[in-house]
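> got a sequence here, can you build the structure:
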Amino acid sequence: MRKKGGAGKKKKTKQPQAVWLPGRDKVEDGEALQYDPSVYDCMSNMSLDWPCLSFDLLRDHLGGPRSAFPHTLFMVAGTQASSAKLNYLGIMKVSNLTQGKHGQKAAEDSDNDGMSDSDEEEAEPAQLHLRKVSHMGGVNRVRACPQQQHVVATWGDNAQVQVWDLSQQLAELKDEAAPSSKDQGRLLKAAPRQAHSHSAEGYALDWSPVAAGRLASGDCRSRIHVWEPGAAGKWAVSAAYKGHEGSVEDLQWSPTEETVFASSSVDQTIRIWDTREKARSMLTVKAADSDVNVISWNRSTTYMLASGADDGGLRVWDLRNFADGSFVANLTYHRGPVTSVEWSPYEASMLATTSADNQLAVWDLALERDPEEEAALAPETNALAPENLPPQLLFVHGGQADPKEAHWHPQIHGLLVSTGADGFNIFKPYNV
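Coordinates of the predicted model:
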């Protein structure tokens with residue numbers, strides 16, 4: 001973000017600008033925040049009828065890794081409507097995602113002071129293609145099965161976990177050249193493949209990347225259930241795994257071992273479980289001094305686990321030495337609860353977090369502070385990094401209201417999508 005001074009509207013006057021640092025700088029009267037398009041390779045916003053707490057990005061037929069614009073991507077999200085019967089699963093295709101005035105184009109415009117009338121012409125916006133499947137009750141979390149992307153699980157605020165087959169909707173979107181207003185407005189009634197009622201609602205939900213069709217769900221009464229795929233497209237739901245003393249907030253299956261998963265909880269712990277031993281967890285670690293909201297298991301460096309807490313802390317754990325206080329990184333930047341964390345699928349040392357402080361942060365654990373380089377760049381960037389700013393903080397994205405989740409695209413290197421109270425942000429930082 002850049003802070004622009006002055007309230008005048010003279011088109012030819014270039015206003016002085018300075019980098020604005022969240023939590024340190026104030027926005028004075030007569031000043032406004034403007035994002036710098038040159039630090040994004042692309043940036044687009046879109047929304048549904050209702051806010052979405054959760055979504056998932058889907059692997060598609062277009063291959064990867066890919067980098068050439070324009071991009072097309074597929075995703076599924078669940079709404080939080082004003083009444084239970086108005087909720088739905090939104091199955092989406094975003095097409096024609098271009099760079100627009102970002103990246104190199106923004107840098108060129110900046111060199112020319114951005115004064116030409118032609119520069120005010122907007123680039124052709126990204127197109128949202130949509131299908132709606134009715135979902136009774138608000139959707140707390142959505143996750144697509146990694147081996148079968150059309151199979152999607154949802155956690156509802158009615159205490160039900162449901163599994164859906166969205167193959168028809170995805171097939172329609174795949175072949176749709178332009179958004180159809182008729183189909184986008186229609187709410188389809190469809191029955192889930194299976195539903196299971198917990199004793200309370202919940203948020204924790206994850207599919208195994210190793211054992212196809214294996215699902216885990218955790219609720220606000222500390223219970224975890226494992227779903228085993230069976231015949232005729234159905235699942236056998238296990239008895240409850242018990243151990244946590246508070247709400248189970250997140251679940252992550254091991255990327256290498258089909259029987260092992262991790263859980264985090266309001267009881268401030270992370271636990272490691274093995275499905276062959278339901279009576280107790282294998283390991284328990286006090287992971288924070290507040291609720292442990294979210295966890296992410298590194299798919300590339302498979303002994304690394306990241307956790308985000310209600311106090312804003314981000315910690316990284318080496319599972320080869322997993323014990324109280326044994327975190328290998330403790331990154332304190334966010335000024336609100338961490339609402340999501342996810343490792344990059346392409347860079348083993350990189351991860352993204354969202355927070356109730358209205359920021360999305362990209363981190364690179366491989367970075368170290370270089371005071372000489374920072375001093376050399378300060379005149380160019382109008383900013384010298386504060387001493388208390390973690391050197392691993394690579395990029396900060398602001399401007400989204402109450403961000404709840406962010407995901408890296410599995411096939412488009414560096415592309416991030418986030419959801420918040422005001423819709424979705426789709427962007428690629430220039431330095432990722």
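
> could you use CA atoms for every contact and neighbour count after this?
OK.

> what segments of the stretch 301-432 of the chain are helices?
Using DSSP state H, counting those that start in this stretch, the helices found in the stretch 301-432 of the chain span residues 371-381.

> what does the stretch 101-250 of the chain give?
Under DSSP H, counting those that start in this stretch, the stretch 101-250 of the chain gives helices at 104-111, 167-175, 181-185.

> what does the second one rub up against?
Outside helix 167-175, the residues within contact range by CA atoms under 8 Å, 6 or more residues apart in numbering are I91, M92, K93, H129, L130, R131, H150, V151.

> greatest separation within these: which pair is it?
Spatially, the most separated pair among the contacts of helix 167-175 is H129 and V151, at 19.3 Å (CA to CA).

> which one's more surrounded, those two?
Taking other CA atoms under 10 Å, H129 and V151 do not tie; H129 has more neighbours (23 against 17).

> from what I can see Q252 touches S263, true?
Yes - in this structure Q252 lies within contact range of S263 using CA atoms under 8 Å: 6.5 Å.

> one step back: mean pLDDT for the helices of the stretch 101-250 of the chain: which is lowest?
Lowest mean pLDDT of those: helix 104-111, a mean of 64.

> what count of nearby residues applies to S254?
Residues near S254, counting by other CA under 10 Å, number 23.

> buried sites along stretch 289-307?
By neighbour count with 16 or more other CA atoms under 10 Å, stretch 289-307 contains the buried residues 290-299, 303-307.

> tell me which of those residues fall in strands.
Of the positions in those, V292, N293, V294, I295, S296, W297, M304, L305, A306, S307 sit in strands, assigned by DSSP state E.

> okay, those in TSV with pLDDT next?
Shown next, in TSV, are these (pLDDT from 0 to 100):
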residue	pLDDT
V292	98
N293	98
V294	98
I295	98
S296	98
W297	98
M304	98
L305	98
A306	98
S307	98
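
> now the two most distant members of those.
That would be N293 and M304, which, of those, are the farthest apart (CA to CA) at 17.3 Å.

> if I look at Q252 and S263, which residues touch both of them?
I295.

> please say which of these two ends up with more neighbours.
Between Q252 and S263, counting by other CA under 10 Å, S263 is the more crowded of the two (29 against 25).

> now the more buried one, what's its secondary structure?
What DSSP: H, G, I helix; E, B strand; the rest coil gives for S263 is strand.

> next, work out how far apart it and D36 are.
38 Å (CA to CA, to the nearest Å).

> so where's the stretch 51-200 of the chain shaky on pLDDT?
Applying pLDDT under 70 to the stretch 51-200 of the chain flags residues 105-123.

> shouldn't L188 be in contact with L166?
No - counting by CA under 8 Å, L188 stays clear of L166, with 11.3 Å between them.

> neighbour count winner among these two?
A count of neighbours by other CA under 10 Å puts L166 above the other of L188 and L166, at 20 against 15.

> now the more buried one: how far from S222?
30 Å.

> ok, now V27?
Taken as CA to CA, the span from V27 to S222 is 43 Å.

> and E172, how many neighbours?
There are 13 residues near E172, going by other CA under 10 Å.

> kindly report the same for R143.
A count of neighbours around R143, defined by other CA under 10 Å, yields 23.

> show me what contacts it?
By CA under 8 Å, 6+ apart, the contact list for R143 reads F55, D56, V152, A153, T154, L205, D206, W207.

> list the beta-bridge partners for it.
Per DSSP bridges, the residues bridged to R143 are A153.

> related to what we said a few turns ago, quick one, which of V27 and S222 is more surrounded?
S222 (22 against 12).

> quick one: A195 and F327, what's the gap?
38 Å.

> same deal with Q400?
Distance from Q400 to F327, by CA to CA: 30 Å.

> ditto for A279
Taking CA to CA as the criterion, A279 is separated from F327 by 27 Å.

> between the two, point out the one with more neighbours.
Of the pair A279 and F327, F327 is the one with more neighbours under other CA under 10 Å, namely 18 against 13.

> nearest to G420 among the contacts of R143?
For these, the minimum distance to G420 (CA to CA) is 10.5 Å, reached by F55.

> what's the neighbour count on that closest one?
Neighbour tally, F55, other CA under 10 Å: 29.

> ok so, going back, could you work out the most separated pair of the buried residues of stretch 289-307?
S290 and R299 (26.1 Å).

> so where do the strands sit in the stretch 301-432 of the chain?
Assigned by DSSP state E, counting those that start in this stretch, the stretch 301-432 of the chain shows strands spanning 304-309, 313-318, 329-332, 338-343, 350-355, 359-364, 393-398, 405-408, 416-420, 423-429.

> those strands: which one's closest to G138?
Smallest distance to G138 across the strands of the stretch 301-432 of the chain (CA to CA): 14.9 Å, for strand 416-420.
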